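[1] Give me a 3D structure for the following:
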Amino acid sequence: MEREQLLQLLAELLVTHSPPGDEREMDALLLPRFRESCAEVRQDPAGNIIGRIPGRTREGAIQVQAHKDELGLIIKRIDADGKIQARPLGGCVPWKYGEGPIDLLGPEGPIPAVLCVGSTHTSAETTRVQSARTGPLTWENVYLDAKLSREELAARGIRIGSRAVMSRQRKAPLVLGDYVCGWGLDDKGAVAIMLGVMERLAPLSGDLPVDVYFAATSEEEVAAASGPFVAARIPADTLIALEVGPVADEYANANSAQPVIWYQDAFHTYNKALCDGFMSLAETLGFGAQPVVYSTAGTDASAARRYGQVGSIACLAFPVENSHGYEIAHIEGMCNTARLLEAFLRSPGVNR
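    All right, here's what the predicted structure looks like:
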């Protein structure tokens, strides 16, 4: 995968809206691309999009998963004056978002709103602002305001249970030299990598060593239930998740051209032999990789392993700063993650 292809895919993917449970924009973009590259494509009852590129045998088949949902909000209450109280879908926090534009997702399309805390020029009498001023900013401290009444919002299909996400006007990727920045690189950056690898492998349909299943999974950000749903129903005992690799001093990794190989996370450990094989393959390819043990994260693969839905797991990732916020990724790190996955799928028996 090359830089220009990656950036073009990110420009298309990052501006879509796909909070957990309302991923229709991503579905509309992904389904045609899956059909272009895969011999069989379907969408299951959980909303996952699954495609298969056949190999010379079904024995030893591999599944690759990247989740198509992003962090978002669900509406908890709409007050009489139209102010909206929301709860997070996944691990998003308001101090990452800040005051600014938010899109409410109605049946006819997005409705602009603003995430608000309130006026700074207030005293302790204004309890919401005082609480935000003196303690950590929580979703209880903020509200969404579309300058519409409760009745006007209802007429446009916005009610309790509706979703909200970062405004589209804030979502276009920003390129800073060797880095690309944006909301939702977790995990739309990994979806871009998966699409690039699918396109590269499509001409080898029927001639790959084994069948390869690709799945764009739904609702990973809320307990990672859909990835295990796929894993249990695909005849492939090896699952590779594509993810972001959060960068922090405690993990001794860097935002560089080297992919990240997860060895453990909060859900489970990853198959050591498979991870070691990826580390060796990355060295052979000339760019190397970074082994990481995470303490608080999880993936579709580790969730599936924890639930006993798959036999062997690995997670390939590109390094990012500011995870679950305005993320920054090394472009060559993303391209090398794609190259590593492609090389593995072309000769999986050598590396596991």
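[2] pretty sure S205 contacts A39?
    Yes. Taking contact to mean C-beta atoms under 8 Å, the distance of 5.7 Å between S205 and A39 places them in contact. For the C-beta atoms, the positions are set from N, CA and C on the backbone; glycine is no exception.
[3] What is the end-to-end distance of stretch 220-230?
    One end of stretch 220-230 to the other measures 12 Å (C-alpha to C-alpha, to the nearest Å).
[4] hey, where'd the helices end up in the stretch 51-200 of the chain?
    Listed from the start of the chain, the stretch 51-200 of the chain has helices (DSSP state H, counting those that start in this stretch) covering 94-97, 127-134, 150-155, 185-201.
[5] Other residues contacting the shortest one?
    The set of residues that contact helix 94-97 without belonging to it, under C-beta atoms under 8 Å, 6 or more residues apart in numbering, is L115, P136, L137, T138, W139, N141, V142, M166, N322, H324, G325, Y326.
[6] neighbours around the third one, how many?
    Applying other C-beta atoms under 10 Å, we find 17 residues neighbouring L137.
[7] before we move on, what about the second one?
    Using other C-beta under 10 Å, P136 has 10 other residues around it.
[8] before we move on, back to that, ranking the helices of the stretch 51-200 of the chain by burial, who's on top?
    The densest packing among the helices of the stretch 51-200 of the chain, expressed as mean neighbour count by mean count of other C-beta atoms under 10 Å, is seen in helix 185-201 with a mean of 26.
[9] Quick one: name whatever helix or strand follows it.
    Where DSSP states H and E defines the elements, the next helix or strand beyond helix 185-201 is strand 212-217.
[10] Which strands border that next one, and is each parallel or antiparallel?
    Looking at strand 212-217 with DSSP bridges, its partner strands are strand 49-53 (antiparallel), strand 62-67 (parallel).
[11] so which of these is the most packed in?
    Looking across the strands paired with strand 212-217 with neighbours counted as mean count of other C-beta under 10 Å, the highest average goes to strand 62-67: a mean of 28.
[12] who's in contact with that strand?
    Counting by C-beta under 8 Å, 6+ apart, strand 62-67 makes contact with 187, 190-191, 193-194, 197, 210-221, 224, 226-227, 230-231, 234, 236, 238-243, 300-301, 310, 341, 345, 348, all of which sit outside it.
[13] what do you get for stretch 218-228?
    Counting by C-beta under 8 Å, 6+ apart, the neighbours of stretch 218-228 from elsewhere in the structure are 20-21, 23, 46-48, 65, 67-72, 89-91, 187, 215, 217, 241, 267, 298-304, 307, 309-310.
[14] same thing but at 6 Å, please
    With contact meaning C-beta atoms under 6 Å, 6 or more residues apart in numbering, stretch 218-228 is reached by 20, 23, 46-48, 65, 67, 69, 71, 89-90, 217, 298, 300, 303-304, 307, 309.
[15] List the buried residues in that stretch.
    Across stretch 218-228, burial judged by 16 or more other C-beta atoms under 10 Å covers S218, E219, E220, E221, V222, A224, A225, S226, G227, P228.
[16] Between which two of the residues you listed is the distance greatest?
    With distance counted by C-beta to C-beta, no two of the buried residues of stretch 218-228 lie farther apart than E221 and P228, which are 14.5 Å apart.
[17] Distance check, L31 against G109.
    When distances are taken as C-beta to C-beta, to the nearest Å, L31 and G109 turn out to be 19 Å apart.
[18] Sorry, slip of the keys, the one I care about is G182.
    Taken as C-beta to C-beta, the span from G182 to G109 is 21 Å.
[19] Comparing those two, which residue is more hemmed in?
    Counting neighbours by other C-beta under 10 Å for G182 and for G109 shows that G182 has the greater number, 23 against 12.
[20] Would you mind measuring from that one to G286?
    G182 is 28 Å from G286, by C-beta to C-beta.
[21] so what are the domain limits for this protein?
    For the chain, automatic domain parsing gives the domain ranges 3-70+184-351, 73-168.
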